[in-house]
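Novice: Have a look; sequence and predicted model below, questions after that.
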Amino acid sequence: MFLKHVTLTLTAAVAVVALGAVAAGQVVKKEVPGITNFSRVDATFACGGATTPAAVQALKAEGFTSIVNLRAADEPGANVEAEQDAARAAGIRYFHLPFKGAADAAVVDQFLDVVRDPKNQPVFIHCASANRVGAFWVIKRVRLDGWPVEKALTEAEAIGLKNPTLRQFALDYLNREKKSGK
């Protein structure tokens, strides 16, 4: 009985620490079957890499009301149509915003519109590895949340931003927006 009480107390303490970390703006990694590199960012956002259609039910159970998929349909391993069908069956809004590189800057504008809309929150955002998600996340944090660039980059790197080209894309996007007065 004592051991059971200690185990329950420790489990509760771990949950409180994890929720506190999320509330404090720290990225919390979690194993979610069917999702590569899942990261809970805060109460309204989580990010990840490759996501199988079977993982959509787990996202629903986690309370997500929307999924944003940044993968192109022709990427190896991407199954956009099946993921969209799984989201529809689970009652989750699905936004397919394929991003292939700097020429797709307009996709970022669409992304910002989706994530700023409260009816789409909580939102799960994914690509193949979380690199693209990280680049978009930097932009979201700076443009919508008013974060300094360095703080946003640190968080994005914890999410999965490793690619220097995508990092530079995010910085260039922010500089372009700054120059245009947006």
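Specialist: Here it is on my side, so go on. Residues are numbered from 1 along each chain as shown.
Novice: show me what contacts the residue nearest the centre of the chain?
Specialist: In the chain, the residue lying closest to the centroid (C-alpha atoms, centre = their mean) is Cys47, at 2.2 Å. If you count contacts by C-beta atoms under 8 Å, 6 or more residues apart in numbering, Cys47 has them with 37-39, 41, 124-126, 130, 133-134, 137, 159-160. In short, each C-beta sits where N, CA and C put it, glycine included.
Novice: ok, now Glu31?
Specialist: Residues in contact with Glu31 (C-beta under 8 Å, 6+ apart) are Phe38.
Novice: Over to Val142?
Specialist: Counting by C-beta under 8 Å, 6+ apart, Val142 touches 148-149, 152, 174.
Novice: ok, so of the residues you listed, who is nearest Val107?
Specialist: Using C-beta to C-beta, Leu174 comes nearest to Val107 of the contacts of Val142, at 15.2 Å.
Novice: confidence score at Ala103?
Specialist: pLDDT for Ala103: 72.
Novice: ok, it - how many residues close by?
Specialist: By other C-beta atoms under 10 Å, the residues close to Ala103 number 8.
Novice: can you check Asn175 too?
Specialist: For Asn175, the neighbour count with other C-beta under 10 Å is 11.
Novice: now it, what's its secondary structure?
Specialist: Judged by DSSP: H, G, I helix; E, B strand; the rest coil, the three-state class of Asn175 is helix.
Novice: Please tell me how far it sits from Ala72.
Specialist: Taking C-beta to C-beta, to the nearest Å as the measure, Asn175 and Ala72 are separated by 26 Å.
Novice: Am I right that the residue nearest to the centre of the chain is in a helix?
Specialist: No. Counting by three-state DSSP, Cys47 is not part of a helix but strand.
Novice: what's across from it in the sheet?
Specialist: Under DSSP bridges, the beta-bridge partners of Cys47 are Ser39, Ile125.
Novice: can you tell me how far it sits from Gln110?
Specialist: Distance of Cys47 to Gln110, computed by C-beta to C-beta: 17 Å.
Novice: go on, Leu153?
Specialist: Taken as C-beta to C-beta, the span from Leu153 to Gln110 is 22 Å.
Novice: give the contact list for Ala152.
Specialist: 137-138, 141-142.
Novice: As a check, name the ranges of all strands in the protein.
Specialist: For the chain, the strands defined by DSSP state E occupy 28-29, 39-40, 45-48, 66-69, 93-96, 123-126.
Novice: Need the ones you listed in TSV (columns: mean pLDDT).
Specialist: Formatted as TSV, those follow (pLDDT from 0 to 100):
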stretch	mean pLDDT
strand 28-29	94
strand 39-40	96
strand 45-48	97
strand 66-69	98
strand 93-96	98
strand 123-126	98
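Novice: and those as a markdown table, adding distance to Ala87?
Specialist: A markdown table is the format used below for the strands of the chain (distance: least, C-beta to C-beta, whole Å):
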| stretch | distance to Ala87 |
| --- | --- |
| strand 28-29 | 23 |
| strand 39-40 | 19 |
| strand 45-48 | 14 |
| strand 66-69 | 5 |
| strand 93-96 | 4 |
| strand 123-126 | 10 |
